[in-house]
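> Next one to model:
(chains A, B, C and D)
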Number of protein chains: 2
Amino acid sequence: MNFDPLLKYINNYIDLTDDEIAFLKSKLIIRKYLKGQYIVQQGDICKYECFVLKGCTKTFYVDKEGQEHILMFSIEDWWTSDMGSFITQTPADFNVQCLENSELVMFSYDIIEDLYREIPKLERFFRQIIERAFVASQKRIVRSFSLSAKEQYLYFRDQYPLIEQRIPQYMIASYLGITKEFLSKIKSQLILEQ
Amino acid sequence: MNFDPLLKYINNYIDLTDDEIAFLKSKLIIRKYLKGQYIVQQGDICKYECFVLKGCTKTFYVDKEGQEHILMFSIEDWWTSDMGSFITQTPADFNVQCLENSELVMFSYDIIEDLYREIPKLERFFRQIIERAFVASQKRIVRSFSLSAKEQYLYFRDQYPLIEQRIPQYMIASYLGITKEFLSKIKSQLILEQ
DNA sequence: AATAAATGTTAAACTAGATTAACATCATTT
DNA sequence: AAATGATGTTAATCTAGTTTAACATTTATT
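Numbering: from 1, shown residues only, chains lettered A, B, ... in the order given. Below you'll find the model as predicted:
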């Protein structure tokens, strides 16, 4: 049970005393999932915000035509959840599924208010990480507006080289909002170009 | 100088004492802008998060081809800013421009830390509104993935009927990520259908 | 009232990316 | 080693949305 990567991450934003760390740890659990297992399922109420200690997840949405759209991948030191479902405790729009055997720190809805009350600094911490998540989400909208599929792929490859290696290509296509056939075409074009 | 709409809005999330309200008001300013004026310009450092008391703004981005892409409209009781620039105090990616004569409450970067220190509840307040903004942004990505242009327009019209009336059609096209000509075609199709 | 500027429409030609379908390669299980 | 399932490629055809360009309508200015 090793919370170190989480504590190190939190330490980038706020300073916690030893007592606070002990309290925090007492409220959290680490959970292991196997490849293929779901952390959140569309329609369920999302009970946790999760910090990835180890492994890799995808957050996706199945539309009315049955098509899967990937919104996000999360690897070590990232967060995952359906925040819309979590904050309102209403049915989730998204699924979160493990692409590898994974290990996550679970912040449960039932304890998060206790955490904020006992350690008000955590309110600051979460405000700051959500600000960043929001900015990243807005930038993604900008890219989808102003970049071609090829440019978006190059951006992804450049920004997340580690993710690209761990994930099948058809999932990257889904993340980029294009078909796997078209991504394949883009990649063969890129090979010809160099 | 009437802060009432802001105070009423904050009151949906947290309870402030009279002293806290007085302190908050002492740190804020209300500023009036004319139609066409810029609140934030691409490249500048965004100094303010703004709450709209009156009027209407657009947040947009000019890409390398010189094309304008609108990310957001803000009307009464909404927020506007370039949050990425604000939180990191680096050059803004976006412009925020008034589409009507407007009146805004300005939360300056220089005072916001004082506010958090004096009134820790505000940290909670901002955490909550940013959580919502993030969820809304993710949902917009989902819509752009899984809805056709016509469906996205119908969604916009349904969700923001008041905004549609106040804004020229070519800006709505830009917000939806389509050309004004294509939106015009969609609207004439919709008229034929009913 | 006349003019100019801003906004909106229509239609033809074009293109980025989707769809379909057949095949190729790789990994896993027996 | 063969067989199965998962992943990736190629190419032909199709379509949602773009581009261009000409014109129409509305609003603001003199």
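
> distance of residue A:164 from DNA strand D?
Separation of residue A:164 from DNA strand D (CB to the nearest atom of the strand, to the nearest Å): 10 Å. Where you see a C-beta, it was placed from the backbone N, CA and C, and this is true even at glycine.

> which SS class is that residue?
When classified by DSSP: H, G, I helix; E, B strand; the rest coil, residue A:164 comes out as helix.

> Surely it and residue A:156 touch.
Yes - between residue A:164 and residue A:156 a contact is recorded at 7.1 Å, counting by CB atoms under 8 Å.

> so what sits against both of the two?
Here residue A:164 and residue A:156 have residue A:172 as joint contacts, going by CB atoms under 8 Å, 6 or more residues apart in numbering or on different chains.

> Tell me, how many residues neighbour residue A:117?
Using other CB atoms under 10 Å in any protein chain shown, residue A:117 has 10 neighbouring residues.

> oh sorry, the question was meant for residue A:26
Using other CB under 10 Å, residue A:26 has 8 other residues around it.

> remind me, longest helix of chain A?
In chain A, taking DSSP state H as the definition, the longest helix is helix A:121-146.

> Could you list every helix and strand that that one packs against?
Identification of packing neighbours for helix A:121-146 by 3 or more CB pairs under 8 Å, 6 or more residues apart in numbering or on different chains; DSSP states H and E yields helix A:109-118, helix A:149-159, strand B:57-62, strand B:68-74, helix B:83-88, helix B:121-146.

> Quick one: name the residues of chain A near DNA strand C.
A:148-150, A:177-179, A:181-182 (CB under 7 Å from any atom of the strand).

> Tell me the buried residues within the residues you listed.
Neighbour-count burial (16 or more other CB atoms under 10 Å in any protein chain shown) applied to the residues of chain A next to DNA strand C gives A:149-150, A:178.

> Now those residues in CSV, please, with extra columns for distance to residue B:20.
Formatted as CSV, those follow (distance: CB to CB, whole Å):
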residue, distance to residue B:20
A:149, 50
A:150, 52
A:178, 50
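
> Show me which of those is closest to residue B:32.
Residue B:32 lies nearest to residue A:149 out of these, by CB to CB, at 43.6 Å.

> what helix or strand does the closest residue to residue A:5 other than its chain neighbours sit in?
Spatial nearest neighbour of residue A:5, chain neighbours left out: residue A:53 (5.6 Å); criterion: CB to CB, 6 or more residues apart in numbering or on different chains. Secondary structure from DSSP states H and E places residue A:53 in strand A:48-54.

> Now do that strand, average pLDDT.
Mean pLDDT, strand A:48-54: 98.

> what lines up beside that strand in the sheet?
strand A:79-80 (antiparallel), strand A:102-108 (antiparallel) (DSSP bridges).

> List of residues touching the first one?
The list of residues contacting strand A:79-80 from outside it, by CB under 8 Å, 6+ apart, reads A:39, A:49-52, A:57, A:59, A:72, A:74, A:96, A:104, A:129, A:133.

> and the longest helix of chain A, anywhere near DNA strand D?
No - Helix A:121-146 stays clear of DNA strand D (CB under 7 Å from any atom of the strand), getting no nearer than 9.5 Å.

> where does chain A dip in pLDDT?
Along chain A, the model assigns pLDDT under 70 to residues A:1.

> List the buried residues for the longest helix of chain A?
Quick answer for helix A:121-146 (16+ other CB under 10 Å): A:121-135, A:137-138, A:140-142, A:144-146.

> Same check on stretch A:92-103?
By neighbour count on 16+ other CB under 10 Å, the buried set for stretch A:92-103 is A:92-99, A:102-103.

> Straight-line length of that stretch, end to end?
Distance between the two ends of stretch A:92-103: 22 Å, counting by CA to CA, to the nearest Å.

> How far away from the center of its chain is it?
Computed by CA atoms, centre = their mean, to the nearest Å, the separation of stretch A:92-103 from the middle of its chain amounts to 9 Å.

> residue farthest from the centroid of chain A?
Within chain A, residue A:192 marks the point farthest from the mean C-alpha position, 33.7 Å out by CA atoms, centre = their mean.

> For it, what are phi and psi?
Per-residue torsions, residue A:192: phi -60, psi -40 (degrees, to the nearest 10).

> measure it to DNA strand D for me?
For residue A:192 relative to DNA strand D (CB to the nearest atom of the strand), the value is 10 Å.

> Kindly report the same for residue A:182.
With distances taken as CB to the nearest atom of the strand, residue A:182 is found 8 Å from DNA strand D.

> so that residue is in which element?
Assigned by DSSP H and E, residue A:182 falls within helix A:180-193.

> ok, residues contacting that helix?
So helix A:180-193 is contacted by A:149-150, A:153-154, A:169-170, A:172-174, A:176, A:178 (CB under 8 Å, 6+ apart).

> what do you get if the cut-off is 7 Å, keeping everything else the same?
Contacts with helix A:180-193, where a contact means CB atoms under 7 Å, 6 or more residues apart in numbering or on different chains, come from A:149-150, A:153, A:169-170, A:172-173, A:176.

> Of the residues you listed, which pair is most distant in space?
A:150 and A:170 (17.0 Å).

> what sits against residue A:51?
Contacts here follow CB under 7 Å, 6+ apart; on that basis residue A:51 touches A:6, A:79, A:104-105.

> can you redo the residues you listed as CSV with distance to DNA strand D and neighbour count?
Converted to CSV, the contacts of residue A:51 look like this (distance: CB to the nearest atom of the strand, whole Å; neighbours: other CB atoms under 10 Å in any protein chain shown):
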residue, distance to DNA strand D, neighbour count
A:6, 29, 20
A:79, 24, 19
A:104, 21, 27
A:105, 27, 24
